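In: what's the 3D shape of this:
(chains A, B, C and D)
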2 protein chains.
Amino acid sequence: MRSPSGREIPDEIDPVLEELVRGIIGQVADKWTMLILEVLEEHGTLRFTQIGKLTGGISQKMLTQTLRQMERDGFVSRKVYPVIPPKVEYSLTELGRSLSAAFCTVWEWAAARHADIEAARKDFEERNGKA
Amino acid sequence: MRSPSGREIPDEIDPVLEELVRGIIGQVADKWTMLILEVLEEHGTLRFTQIGKLTGGISQKMLTQTLRQMERDGFVSRKVYPVIPPKVEYSLTELGRSLSAAFCTVWEWAAARHADIEAARKDFEERNGKA
DNA sequence: ACAGTCACTCTCCTTTTGGTGCGTATAAAT
DNA sequence: ATTTATACGCACCAAAAGGAGAGTGACTGT
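Out: All right, here's what the predicted structure looks like:
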């Protein structure tokens, strides 16, 4: 992922790592994962239904699924209180917070360049939508 | 996307931009988009079938679709030579290259932290796979 | 005359994704 | 006694994603 000449980088990028990275990026890019990451960053510790409300429009199924995945990868920690009715608290781990920070770059890039993208889209539409 | 207290950020993150960013991240995170981005970064200008070979395992349908999308957003430029058999060259635009650069942060993060993630997964498996 | 090349497009078909709604346990509140 | 609240799990179903493979158009080399 460097220059067009492709000489200075060994090019042997360990396929296992590559696979993992792709998986992680794909997962984070997921609509719900990213939203939950944001919500937890902003609010700190939250319970299941609170996250659901704050992300807005997520089904319980997806909420459970996404949180489980994030827990599995060590991005969130899950604390269960043995009370009734059940109480479960979720919060970001240090790893989760660092992940969120890493993606800030992308957000910044997008904020800086979104005008260019929109312009490109209009352009494309004009050249291909009508011709 | 900052601190848990959520006070220092206006929190009014323009939903339109948010939507766009999500779309872009989602798209880039896409398996094929990311691969093609890498391939074009490494090799510079390439033709359709060359990209197909270098990405490995992509169907023509997906290749066309992904390239079109990237062209639409202004990440790649498409140059058609009116010859027969057809010849089409693809290369990254400046916007495309900057996008790739923005994602480098994420790659670096993943490279630095993937051990933690794998450890977390093993942990999770042990605690939940058997219990 | 005929096969080969290239950059596609189009039509199926299978797999994956994700939403809806229902069920559950149990204590506290009415 | 019945309702309410919470954090799920499960089964079912519709929609979307994506792969396989055939078709196309026009020239070039044999």
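In: can we go C-alpha only for contacts and neighbour counts from here?
Out: Noted.
In: what's the single longest helix in chain A?
Out: The helix that spans the most residues within chain A, counting by DSSP state H, is helix A:94-124.
In: what about it, average pLDDT?
Out: Averaging pLDDT along helix A:94-124 gives 92.
In: what about that helix, near chain B?
Out: Yes: contact of helix A:94-124 with chain B (Cα under 8 Å from any Cα of the partner chain) involves A:95, A:99-100, A:102-107, A:109-111, A:114, A:116-118, A:120-121, A:124.
In: now do stretch A:34-42
Out: Yes: Stretch A:34-42 lies within reach of chain B by Cα under 8 Å from any Cα, at A:38-42.
In: out of those, flag the one nearest to residue B:51.
Out: Relative to residue B:51, the closest of those is residue A:38; by Cα to Cα it sits at 35.5 Å.
In: and the closest one, which of the three is it?
Out: helix (DSSP: H, G, I helix; E, B strand; the rest coil).
In: residues near it, how many?
Out: Neighbours of residue A:38 under the rule other Cα atoms under 10 Å in any protein chain shown: 19.
In: same thing with residue A:123?
Out: By other Cα under 10 Å, 15 other residues sit near residue A:123.
In: show me the contacts for it.
Out: The contact partners of residue A:123, by Cα atoms under 8 Å, 6 or more residues apart in numbering or on different chains, come to none.
In: again with residue A:32
Out: By Cα under 8 Å, 6+ apart, the contact list for residue A:32 reads A:55, A:58, A:62-63, A:66.
In: separation between it and residue A:69?
Out: Residue A:32 sits 11 Å away from residue A:69, going by Cα to Cα, to the nearest Å.
In: shared neighbours of the two, which are they?
Out: In contact with both residue A:32 and residue A:69: no residue, using Cα under 8 Å, 6+ apart.
In: just the helices in chain A please.
Out: Under DSSP H, chain A gives helices at A:15-29, A:31-43, A:48-55, A:60-72, A:94-124.
In: export those helices to CSV and tack on distance to DNA strand C?
Out: Below are those laid out as CSV (distance: least, Cα to the nearest atom of the strand, whole Å):
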stretch, distance to DNA strand C
helix A:15-29, 9
helix A:31-43, 7
helix A:48-55, 11
helix A:60-72, 5
helix A:94-124, 14
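In: ok, which of those helices comes nearest residue B:46?
Out: Taking Cα to Cα, helix A:94-124 is the member of the helices of chain A nearest to residue B:46, at 20.9 Å.
In: give me the distance between the closest one and the centre of its chain.
Out: Chain-centre distance of helix A:94-124: 12 Å, with Cα atoms, centre = their mean, to the nearest Å.
In: can you check stretch A:42-54 too?
Out: The chain centre lies 16 Å from the centre of stretch A:42-54; the measure is Cα atoms, centre = their mean.
In: how about that stretch and DNA strand D, any contact?
Out: Yes: Stretch A:42-54 reaches DNA strand D (Cα under 7 Å from any atom of the strand) through A:47-50.
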